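1. Provided below for reference: sequence and predicted model.
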Amino acid sequence: MGGLVDAIFYVLTPVPFLWLLLGVSSGIFVGAVPGLGGGMLITLVMPLTFYMNSTNALIMMIGMYVGAVSGGLISATLLRMPGTPSSIITTFDGYPMAQKGEPGRALGLGIGSSLIGGLIAGFFLVVLSPPLSIWALTFGPWEYFTMVLMALVLIASISQGSMIKGLLAGVLGITAALPGLNESDGQLRLTFGFHEMADGFNLLPVLLGVFVMSQIIKDALNIERHATISGSARAVFPKFRQWLRYGVNIVRSGCIGTWIGILPGVGASISSMVAYGIARTFSRTPEKFGTGHDEGIVASESANNANVGGALIPLITMGIPGSPIDAILLGALVLHKIQPGPLLFTTNAPFVWALIAAYLVANLMMFTIMYFSVRHIARVIAFNRAYLLPIIFVFCLIGAYSLSNRLFDVWVVIGFGVLGFFLDRVKVPLGPFVIGYVLAGVLEAELRSGLQSSQGSFLPMVTRPIALTFTIVSVITLVYPFIAEWRHRRRARSNPDHAQEP
Amino acid sequence: MFRKTLLAAVAAALALVFGPMADAAYPEKPIKIVIPTNAGGAMDTIGRIFQRAFEEKKIVSQKTVIVNLPGAGGTIATRRIMESEPDGYTIGFWHDGIITSKAMGVVDYDHSAFELIGISGYTEIGLGVRDDSAYKTLDDVVTKLKAEPNSVKVAVNIGLPVHFNPLIVFDGAGAQALMVQTGGGAKRLASILGGHTDTAVFAIPEFIKYKESGLRPLVLFSEKANPLVPGIKTAKESGIDFVAQSNRIWLAPKGTPQEIVDYLSNALKTAMADPEVKSEFETLGVTPEFIGPDRTADMLQGYLGKVLPMVEKARALKK
């Protein structure tokens, strides 16, 4: 715990503080502007941080992450356009409330819940991370293999939209990770004789393509569509006594957000969806949800911010990304020559504590910035993207080139940009793609490492207790939808009226 | 009048720019140093120490530019060096992986496809175990392996020296250890400390840095014992004829003129004699000894001789 206090003091010294401030403010900005997102921002600045102190670089990126998830609520409330996918649910009640003439109250509720949700997750981050990292040190190849397997199954089953499309995205991501020098047998694979392919598709160009270039193409095609804001909004902060009324809802949603964040591979949008659903179920006035009900805003916003903190837990304790943006942060760690994993707490504890401290301070910073400048940010949303896109385009290509000084990487960005654009067009989610891409290497390496040490036997998957637990969860997650479907059909058969229901 | 003055000025400027070019000696433009790792890594740091020394101590009359070309076990960078014009303006360095990459069949060239400039320092390496391991010396491990082949797990990064070196050592002792692909240095450390594997190759700076975390040296591959890790025997002292270290090997494209190679070789040597550079190297745990081109070639040839018989065994690790 002393480490945390030191780290907070470090984050509050001028240099890291300014980087964090820059991160949070730019995060809020991209979060608020529809069409720009946190993943895009973090990927774009990654090459610019190569020459920065790695602690400050990651502190800034965490600020961006927190800012981006929060900024989305502004456009969700005022425009019914979620600035980021994580604030989709906020549009359900935030926008109606704003339409009813209370935009300030809607914003105030959103901003306040974001802060509290974020701090709830922060509490778990501080309390759970150290013991988890010690526990994770006992994880061998089989534990990691089964855990990643579970993560991939989870993505497929709870990703947005259809399970098939989620699976497809995951498989495509894994495919993109296959070519190049294979770490497990030291041989080249799927390079088709091109020397440029010897290193495969690098993480940064792939991310730049999927997150940035695809979005540029999408935005460029809709460049005519402008967002307009009617009237200005000032956050009106509900009284403390009112907050007490939301207490149960906030704590519950915060815990849900944290827990879903911890689950590998599931993003903030799912968190707010689940928290919103549960809040409605437990509400005494469920019919009010969707009409500008304050409980709806509170549930959605506290859960999506809590998700950020929760998702950082597996990232810093095990090196497994808890959400697509964490997959990007994982890449940033590797590019900064920091090996993520349980040992990070032992070999580089001040660094880990600095990230945790940055997360806590970023939430407070986000609250202060949003509370005082929400009016100005609201005006910025209507910003003409035609000025922004060419700059982003150029940065995107320069960033890809600067990684390894190879033109090949620039082509990779363009190729994956086009791929990402078309996937998005046919509603294949890009989150599972990135997770699949990042986890494919881990999955293969751990499996082969495990097989080498067990001399070819798969038995450790069920003989090692932790691995067995993960295996069971994976099997249940995979099989459960089919069982549910089967039971549903059987019930439908025994009750013919029911069968007519859509 | 004005136009005439302008013309004269342009002519003078041109003469200044192109004049010296005609008969100037190497180097007459910036030299690119290709480094096979990201900016910020240990290899990159070495390159930047030289870059600064070359400029500040006026050892090289032109600027040097660092080009980071990471990936594919360093082969992207070494290929770029190999395929560059042999004019001395693109050089670079890598470690002993230049030998093992060809042995593993990843690339079709080794050190002999380059002009060797020399070795700018090296780190001493050896096997390490977890603090509470029952193995106190290499002999303990060998005895165990002889009684029960494959009973000791070695964490390796396949196809690289950290894989070949233990293969050579255990083969030399007539024992068979179980190689387990684990990955780079930090992953091997986690694997050893987590008890998933028994031993792996580390460098002396790592033995010192991770002593508190529970890493203990077992044996060194050095020529002689090192006071930094007191009481640790070398493989040679344990009766195995094998010496290896992790070298920083400087390469120029094949066909680079001898006088240019000499110039660069001298520049490295001069820089390394500088006390500031020396102390920076020592901070990094790198022995600041310069090894000339001829001895470099001998050492690499010798290492190749040890590696080749192991290739079959190394490639067998493919499950």
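-> Now that the structure is in, tell me what you want to look at.
2. ok, the closest residue to A:Gly170 other than its chain neighbours - how many residues close by?
-> Nearest residue to A:Gly170, sequence neighbours excluded (Cβ to Cβ, 6 or more residues apart in numbering or on different chains): A:Gly436, at 3.8 Å. Heads up, the C-betas are built off the backbone N, CA and C, glycines and all. A:Gly436 has 28 neighbours, counted by other Cβ atoms under 10 Å in any protein chain shown.
3. What is the subsequent helix or strand relative to the helix or strand harbouring A:Gly436?
-> Secondary structure from DSSP states H and E places A:Gly436 in helix A:430-453. Downstream of helix A:430-453, the next assigned helix or strand under DSSP H and E is helix A:460-463.
4. Just the pLDDT for the nearest residue to A:Leu152 once chain neighbours are set aside.
-> Excluding the flanking residues, the one nearest A:Leu152 by Cβ to Cβ, 6+ apart is A:Gly170, at 6.0 Å. Looking at A:Gly170, its pLDDT stands at 86.
5. before we move on, what about A:Gly265?
-> pLDDT, A:Gly265: 65.
6. circling back to that earlier point, can you show me the CA trace of the helix holding A:Gly436 as CSV?
-> C-alpha atoms of helix A:430-453 as CSV (Å, rounded to 0.1, in the frame of the first residue of the first chain):
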residue,chain,number,x,y,z
LEU,A,430,-13.9,-5.2,-34.5
GLY,A,431,-13.3,-5.7,-30.7
PRO,A,432,-13.1,-9.6,-31.0
PHE,A,433,-10.9,-9.2,-34.0
VAL,A,434,-8.3,-7.3,-32.0
ILE,A,435,-8.6,-9.6,-29.0
GLY,A,436,-8.2,-12.6,-31.3
TYR,A,437,-5.2,-11.1,-33.0
VAL,A,438,-3.5,-10.3,-29.7
LEU,A,439,-4.4,-13.5,-27.9
ALA,A,440,-3.6,-15.9,-30.8
GLY,A,441,0.1,-15.7,-30.2
VAL,A,442,-0.3,-16.3,-26.4
LEU,A,443,-2.7,-19.2,-27.0
GLU,A,444,-0.3,-21.0,-29.3
ALA,A,445,2.8,-20.2,-27.4
GLU,A,446,1.4,-21.4,-24.1
LEU,A,447,-0.2,-24.5,-25.6
ARG,A,448,3.0,-25.6,-27.3
SER,A,449,5.1,-24.7,-24.3
GLY,A,450,2.8,-26.8,-22.2
LEU,A,451,2.9,-29.7,-24.6
GLN,A,452,6.7,-29.5,-24.6
SER,A,453,6.9,-29.7,-20.8
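7. In space, what's closest to A:Gln99 - neighbours in sequence excluded?
-> Here the residue nearest A:Gln99, using Cβ to Cβ, 6+ apart, is A:Gly292, at 7.2 Å.
8. Up against chain A, what does the stretch 51-200 of chain B have?
-> Residues of the stretch 51-200 of chain B lying close to chain A by Cβ under 8 Å from any Cβ of the partner chain are B:67-73, B:75-76, B:79, B:104-106, B:150, B:153, B:157-160, B:163, B:178-184, B:186-187, B:189-191, B:193-197.
9. Quick one: buried ones out of the residues you listed?
-> B:67-73, B:75-76, B:79, B:104, B:106, B:153, B:157-160, B:163, B:178-183, B:186-187, B:189-191, B:193-194, B:196-197 (16 or more other Cβ atoms under 10 Å in any protein chain shown).
10. Could you tell me which of those are located in helices?
-> B:75-76, B:79, B:163, B:186-187, B:189-191, B:193 (DSSP state H).
11. Report the two of these separated the most.
-> Using Cβ to Cβ, the pair of these lying farthest apart is B:Arg79 and B:Leu193, separated by 35.6 Å.
12. ok, of the ones in helices among the buried ones among the residues of the stretch 51-200 of chain B next to chain A, which one's closest to chain A?
-> Chain A lies nearest to B:Ala186 out of these, by Cβ to the nearest Cβ, at 3.3 Å.
13. Quick check: that closest one touching A:Gln339?
-> Yes - contact status for B:Ala186 versus A:Gln339: in contact at 3.3 Å, counting by Cβ atoms under 8 Å.
14. quick one: low-confidence parts of the stretch 201-319 of chain B?
-> Where the stretch 201-319 of chain B drops to pLDDT under 70, the residues are B:318-319.
15. can you pull out the strands in it?
-> B:215-220, B:245-253, B:287-291 (DSSP state E, counting those that start in this stretch).
16. Of those, which is nearest chain A?
-> Closest to chain A of these, according to Cβ to the nearest Cβ: strand B:215-220, at 10.4 Å.
17. Close to chain B: what parts of the stretch 351-500 of chain A are there?
-> Residues of the stretch 351-500 of chain A lying close to chain B by Cβ under 8 Å from any Cβ are A:404-406, A:445, A:448-449, A:451-453, A:455-456.
18. Secondary structure element holding A:Ile8?
-> Assigned by DSSP H and E, A:Ile8 falls within helix A:2-12.
19. Going by neighbour count, list what's buried in whichever helix or strand comes after that helix.
-> Using DSSP H and E, the helix or strand that directly follows helix A:2-12 along the chain is helix A:14-32. For helix A:14-32, a neighbour-count test (16+ other Cβ under 10 Å) marks A:16-17, A:19-21, A:23-32 as buried.
20. which secondary element of chain A has the worst mean pLDDT?
-> The least trusted helix or strand in chain A, going by mean pLDDT, DSSP states H and E, turns out to be helix A:496-499, with a mean of 50.
21. Does residue 45 lie in a helix or a strand, and which?
-> I went with chain A, as the question did not name one. A:Val45 is part of helix A:38-45, with elements assigned from DSSP H and E.
22. hmm, I had chain B in mind actually
-> helix B:42-56.
23. residues in contact with that helix?
-> Identification of contacts with helix B:42-56 by Cβ atoms under 8 Å, 6 or more residues apart in numbering or on different chains yields B:33, B:35-38, B:59-60, B:63-64, B:66, B:68, B:93-95, B:120-121, B:248, B:267-268, B:271, B:274, B:276-277, B:280-281, B:284, B:286.
24. How far off centre is it?
-> Here helix B:42-56 shows a centroid-to-chain-centroid distance of 15 Å under the convention Cα atoms, centre = their mean, to the nearest Å.
25. same deal with stretch B:50-57?
-> The chain centre lies 20 Å from the centre of stretch B:50-57; the measure is Cα atoms, centre = their mean.
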